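Participant: this is a predicted model, with the sequence first.
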Amino acid sequence: MYVHTDFPYGQAFDANDMAAAKDWWGPGDSPWVRANIITDTQGNAVDIDGTSNGLTGGADRALLTALRAVADVVVLGGSTVRAEPESVPRDRPVVIVSRSATIPISIIERARAGITVLHHRSAEVPAGVEGVVLPRFTGTSIVSALSQMGHRRIVVEGGVTLLRTMLQSRSITEWCQTVSPQLSRAEAQPVPLEPGGILTLSAHDSAGFRYTRKTLNGAPVAGSE
């Protein structure tokens, strides 16, 4: 499926062409922390089953795969991976933020590139998982821990609690949002996230999905021409 960039330049590419999709994301040379979220047009981030599966479509999955490919690590919240185990990538390093370090064995087996859990000091990580104690559960502490692990290009995929934590600490440098034309069937609960920032990119595909990016907190624009 083709993605058409509307702003700031005209470009169309096949989202299933990995090289073209990675170039569209533009990893850049500087460290970055990208938040990636999908919502419907009313701001709901989950469907009736409590996951985002019913919202995705169009080129969204292909673009997500490309975004992960240009990142050093994928960061997810504990509640998200327990609700959506399929959200854990099979072939990319994963960091899970979970005070309890409660990670189902199926997720551990799925993440072939390894899992590190950022957890509370009273928790105990399961076998096969690396553990790092967080002094505080703030965006600053999370990014600091990731940096110490050698990660410079970080994509944070949620859930909402984790994204809010990162925003509160001004730790996000780029906000990437897919707006789905498919309305959530769940009772309307718009995501209370206000990223602010400056719009740097707007795009769409033929299935009606829209893709936007905003640069936050004075960060350089990743992938700018």
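Facilitator: Structure's in. What do you need?
Participant: can you tell me how far the residue nearest to the spatial centre of the chain is from Val74?
Facilitator: Central residue of the chain (C-alpha atoms, centre = their mean): Glu157, 2.3 Å from the mean position. Between Glu157 and Val74 the computed distance is 6 Å (C-beta to C-beta, to the nearest Å). Where C-beta positions appear, they are placed from N, C-alpha and C, glycine not excepted.
Participant: kindly report the same for Thr138.
Facilitator: Distance from Thr138 to Val74, by C-beta to C-beta: 20 Å.
Participant: try Gly128
Facilitator: As judged by C-beta to C-beta, Gly128 and Val74 stand 18 Å apart.
Participant: who has more neighbours, the two?
Facilitator: Ranked by neighbour count (other C-beta atoms under 10 Å), Gly128 and Val74 place Val74 first, with 24 against 12.
Participant: following the helix or strand containing the more buried one, which helix or strand comes up?
Facilitator: Counting by DSSP states H and E, the element that carries Val74 is strand 73-77. As assigned by DSSP H and E, the chain's next helix or strand after strand 73-77 is helix 78-83.
Participant: name the residues that touch that following helix?
Facilitator: By C-beta atoms under 8 Å, 6 or more residues apart in numbering, the list of residues contacting helix 78-83 from outside reads 50-51, 87-88, 96-104, 107, 117, 157-159, 161-162.
Participant: go on, stretch 8-22?
Facilitator: For stretch 8-22, using C-beta under 8 Å, 6+ apart, the contacting residues are 1-5, 23-24, 59, 62-63, 65-66, 69-70, 200-201, 205, 225.
Participant: give the buried residues for that stretch.
Facilitator: Phe13, Ala15, Ala21, Lys22 (16 or more other C-beta atoms under 10 Å).
Participant: which ones among those map onto strands?
Facilitator: Phe13 (DSSP state E).
Participant: how about low-confidence regions in the chain?
Facilitator: Applying pLDDT under 70 to the chain flags residues 187-192, 218-225.
Participant: 90 instead?
Facilitator: Scanning the chain for pLDDT under 90 picks out 9-11, 27-30, 41-54, 83, 128, 158-160, 183-196, 217-225.
Participant: quick one: the strands in it, in order.
Facilitator: Using DSSP E, the strands of the chain run over residues 2-7, 11-14, 32-40, 73-77, 94-97, 115-119, 130-133, 153-156, 174-180, 198-205, 210-215.
Participant: let me have those strands in CSV, extended by distance to Ser144.
Facilitator: What follows is those, written out as CSV (distance: least, C-beta to C-beta, whole Å):
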stretch, distance to Ser144
strand 2-7, 34
strand 11-14, 36
strand 32-40, 12
strand 73-77, 13
strand 94-97, 12
strand 115-119, 10
strand 130-133, 10
strand 153-156, 12
strand 174-180, 19
strand 198-205, 25
strand 210-215, 21
